[in-house]
Each structure stands twice: as C-alpha cells, then as structure tokens.
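>>> 3D, please:
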Amino acid sequence: MATKQNGVLGSFTPTVTPYTHDTRPDNSLTVAANEFPFYTCPGATMVSAKLIISNNTGGAATVDVGIVEQTDVIQLDAAGSQPGAPANYLGFSLPTGQDATSIYLEGAAVSGTFVPGEVLSWTNTAVTPNAQTATVEFWDSGNSKLWVKGLANANALFPTSGDITYTGGTSGATISVGTSHAGSGVARGWSGKVKYFDSLRGIIYFENHEFRNNLDYASGKYGDLNQEVRVLSNNNLARSHTNRHRPVTTTVDRIAASNTTPATEFIDANGVELLVSGVSAIQEHQYLVKQKSVADASIFELGGLVLGAYQSIYVKSTAAVTATLIGFEETAEVAS
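Alright, predicted model coming up:
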C-alpha cells in the first residue's frame, strides 16, 4: 500500500503549469494547458480536502471546477454513421474496466494469425530502448490490420526509415510495415481503460494511458496500488509537476510513405471500428462550479470536498490563477 499524503495534495496554475508527451518536438517540449485534472485520489483511498483558488493576475478571472473520473470524454459520431448504420449505440461493446484503443498498424508480408492479448514485440532503432512491446487487442486478417494497446512510447510503432517486422509472442505470427511495403502504415492513436461507456449517448469516459498527474495512468501501473502513485514521500513539488498528457483528438496521425490524418476510430470488443466526432475533458454533470468569477487579489474557496478512489479534481481558467488542493488521504476499504 502506498504511503498516504497530507497537507498540499496538488497544485495547478492554468496557462502556466505544463505537461508534455512523446510527440512534442525537442524545441517545444511542453504544453501550458488552461484545463487539467491535476489531482487523482489513489486506489483504496479516500480524500477529504478543500480547494483554494487565488487570483493575483491583475484582473478578474473566471474558473471552472469539477470532479471527473476520466482524462478524456470521447463522443462517438452519430449511430447512423457507424458501421452497419445502426439506429443507436446499444449494440457496441466497450466494457467498463477493459482497454480500448485507436492504435493500429496496416501491414504486409503477414504470416500466421495474431491472438488478442498476446505480447507483440519488435525492434525500432529510432526510440530508446530499441526493443519495444505492446499488447494485441484485435486482429483484422481480412485487411491485415492489427490493433494494439499499451505502448511505452507513442512513437514506438513506426519506422523512420526502412521496415519493421512485428512478432506475436504466443502465436509467432508476423507482420511488416515500412518503405518496402506499399500502402503500409501506422496510426499513432491512443489506448486506455474504459471508465464507462454511455450507450444511450455514445460517450466513452476514457482513462488515457498517456496521462500522468500525481498518479501514473500508464498501462501496467494504473490500478496497481504499488506502482500508480508517482511520489511516496509528502512532496507536492514532485507530485504536481512533470505532468504528462496526450489528449485524444478527432483525427489520428497515420505515419506512412505519405502521412495522412484520418478520423479517429476506436475498436470495440467485437471488432467494430467506431468513428469519433468530438473530444472534451469534462461533461456538464461533473461541474461543481462553472464560470465562477474571482476578483483580483482575492480567493475562492471550495470546502467539504470528498473524493473516492480514482476521482479527480479538474480546474479550468484562461487566467493564471493558482489552484491548491489542501487535505489528507486515508485508507479506504476495497470492495471484495
């Protein structure tokens, strides 16, 4: 069990506190976001806290505050625009707690049949370490299209030159992508856990593997009580900085001989490719306050906050206000 924290649990200054991700260029590593779920209650934990927002910007500011349970809210396109043009979303399968992905490779020189759940391995000299792995999510043999999840680096799949051959650890199946294979390419999408799929509205509440605040949401760490907490000492500086996020977008980079940006699609548990039309960070029902005006040289205090496991405090503002969450974590029972 991770050490519990107390005092300042997290802090965030919109437009100032940065995050980064693997696809940022070396000369522009960070993004200064105006919204971020900057603190997440760890597993088997309950938090009692208050949020203080201080405005010393020289003018009035408006802020949004919410409690969220996702990093990305993914809105599917209209049901009639999905494969088979169904009347609604009820037939799509995105089970809570299971992974979903929009990462795929379209290859050639295929041998064998890939098995969902097996480890895919390959060597890519353009990333460190050169030896890379992912997990197979779905194999579309008819289109030589392999959907994968859980990459350690968003750039790991595609070759910068030449070819890469990917091998299934259980099946021994192989597939290749690169300049020798016309039409081959890799979609640099996203993978993560499904927090909940609202099948009435076609909304995926998504926990992105490429997100990190005080918790690391990476595949294999998030949900593991011994690994998910980034900082085990009571160190707010380490807990509130070096954040990571690559938000889901409505288009995906397809890296090939000629790069393109097709619409983002997530594969469901039955192999249906679901088209995405919109992405946001929060839904209306998750706000505590919205467009709250905070005068210059004043504070806004939101007390009595209680967070359960994996609930996050979200703050948004276009002004550089300072949001500070002060409270304590305590061990909570885990449902058997």
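>>> Same question for the helix or strand of the chain with the lowest mean pLDDT: list its buried residues.
Scoring the helices and strands of the chain by mean pLDDT, DSSP states H and E places helix 236-240 at the bottom, with a mean of 92. Residues of helix 236-240 classed as buried under the neighbour-count rule (16 or more other C-beta atoms under 10 Å) are 236, 239-240. C-beta: built from backbone N, CA, C; applies to glycine.
>>> what sits up against it?
Applying C-beta atoms under 8 Å, 6 or more residues apart in numbering, the contact partners of helix 236-240 are 5, 7-12, 17, 38-39, 213-214, 230-231.
>>> contacting residues for Leu76?
Leu76 neighbours (C-beta under 8 Å, 6+ apart): 82, 89, 92, 202-204, 274-277.
>>> bridging residues for it?
Val276 (DSSP bridges).
>>> before we move on, back to that, please name the strands paired to the helix or strand that the least confident helix or strand of the chain is followed by in the sheet, noting orientation.
On the C-terminal side of helix 236-240, the closest following helix or strand by DSSP states H and E is strand 243-245. Paired neighbours of strand 243-245 in the sheet (DSSP bridges): strand 18-20 (parallel), strand 211-212 (antiparallel).
>>> Let me know the average pLDDT across strand 243-245.
Looking at strand 243-245 alone, the average pLDDT works out to 97.
>>> sorry, back to before: most packed of the strands paired with strand 243-245?
strand 211-212 (a mean of 26; mean count of other C-beta atoms under 10 Å).
>>> The stretch 51-200 of the chain: strands as residue ranges?
Under the criterion DSSP state E, counting those that start in this stretch, the stretch 51-200 of the chain contains strands at 61-68, 72-76, 99-101, 103-106, 108-111, 119-123, 131-140, 145-149, 163-168, 174-178, 185-188, 191-198.
>>> Other residues contacting the last one?
The contact list for strand 191-198, computed with C-beta under 8 Å, 6+ apart, reads 69-72, 92, 94-103, 137, 148-151, 203-211, 217, 219, 222-223.
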